[in-house]
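Participant: Below is the sequence, then the predicted model.
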Amino acid sequence: MKINLSRTIIFLLVVMLPVFGQAKEPVNHSAKSILFEVIEDGVTSSKRVSLDLMAHANGTTWAECRITIITINDNKKNIELDNYYVSTDQSTIKNLKIDSEVVSFDMMPYPLCPDRPLKLVATRKDESLYQVKAVGLWNGLWTKGKFVKIEWLQVPSIKLPYTTIGR
């Protein structure tokens, strides 16, 4: 009887092992030129953002973003561009979570301001169409203890008042 019970347990383990040991399918996220207006404490600022997002999960997880901050400079009547890069490799993306429909993480898009992170959540709507939200709560630059809510509000397009890009 003990031999039959042992064989039964071994048989069940062999049969069930593939169910528990199956590898997850790789998950990829890729979105180009997601556009945002930057809202600071409920008011649209002079900044706009273009974001490229790539994320991958296949045993290990990895993500990167290319960020272009577009600043409308009314004094000089031009547009200024600043480019940033964040990634898990550089530890400027943390708390990365990826599944087939959603990728989320905390990012530090401004290298000189690591105390100003943003929480980004991107939800897949179609193969390459995403609904993206990014929010941060930052200490005010001029008044300590006062917090400023930063939100990147996704928009379908950005209208710029000037045609010149410069410094």
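Facilitator: Thanks, I have the structure now.
Participant: For the rest of this, base every contact and every neighbour count on C-alpha atoms.
Facilitator: Will do.
Participant: and the strand ranked longest in the chain, which strands flank it?
Facilitator: Counting residues, the longest strand found in the chain (DSSP state E) is strand 43-58. Sheet pairing for strand 43-58, assigned by DSSP bridges, gives strand 27-40 (antiparallel), strand 60-73 (antiparallel).
Participant: how about those strands in a markdown table, adding mean neighbour count?
Facilitator: Output for the strands paired with strand 43-58, formatted as a markdown table (neighbours: other C-alpha atoms under 10 Å):
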| stretch | mean neighbour count |
| --- | --- |
| strand 27-40 | 19 |
| strand 60-73 | 18 |
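Participant: Point out where this protein drops to low pLDDT.
Facilitator: 1-24, 141-143 (pLDDT under 70).
Participant: which residues in it form strands?
Facilitator: Counting by DSSP E, the chain has strands at residues 27-40, 43-58, 60-73, 78-87, 93-98, 102-107, 118-124, 130-139, 147-155.
Participant: Columns distance to P161 on top of these, output as TSV?
Facilitator: Listed next are the strands of the chain as TSV, based on distance: least, C-alpha to C-alpha, whole Å:
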stretch	distance to P161
strand 27-40	14
strand 43-58	11
strand 60-73	8
strand 78-87	8
strand 93-98	33
strand 102-107	29
strand 118-124	27
strand 130-139	25
strand 147-155	16
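Participant: Between the two ends of stretch 109-120, how far is it?
Facilitator: 11 Å (C-alpha to C-alpha, to the nearest Å).
Participant: sorry, back to before: check which residues of the longest strand of the chain are buried.
Facilitator: Under the neighbour-count criterion of 16 or more other C-alpha atoms under 10 Å, strand 43-58 has 47-57 buried.
Participant: what's the closest non-adjacent residue to H56?
Facilitator: In this structure, H56 finds its nearest non-sequential neighbour in N28, 4.6 Å apart by C-alpha to C-alpha, 6 or more residues apart in numbering.
Participant: if I look at that neighbour, how far off is L160?
Facilitator: 32 Å.
Participant: Also D74?
Facilitator: 11 Å.
Participant: intersection of neighbour lists for those two?
Facilitator: Shared contacts of D74 and L160, defined by C-alpha atoms under 8 Å, 6 or more residues apart in numbering, are absent.
Participant: is the residue nearest to the spatial centre of the chain in a bridge, and if so with what?
Facilitator: The chain has L120 as the residue nearest its centroid, 4.3 Å off, counting by C-alpha atoms, centre = their mean. Taking DSSP bridges as the rule, L120 bridges to F105, A134.
Participant: Do I have it right that it meets D106?
Facilitator: Yes. Counting by C-alpha atoms under 8 Å, L120 does reach D106; the two are 6.2 Å apart.
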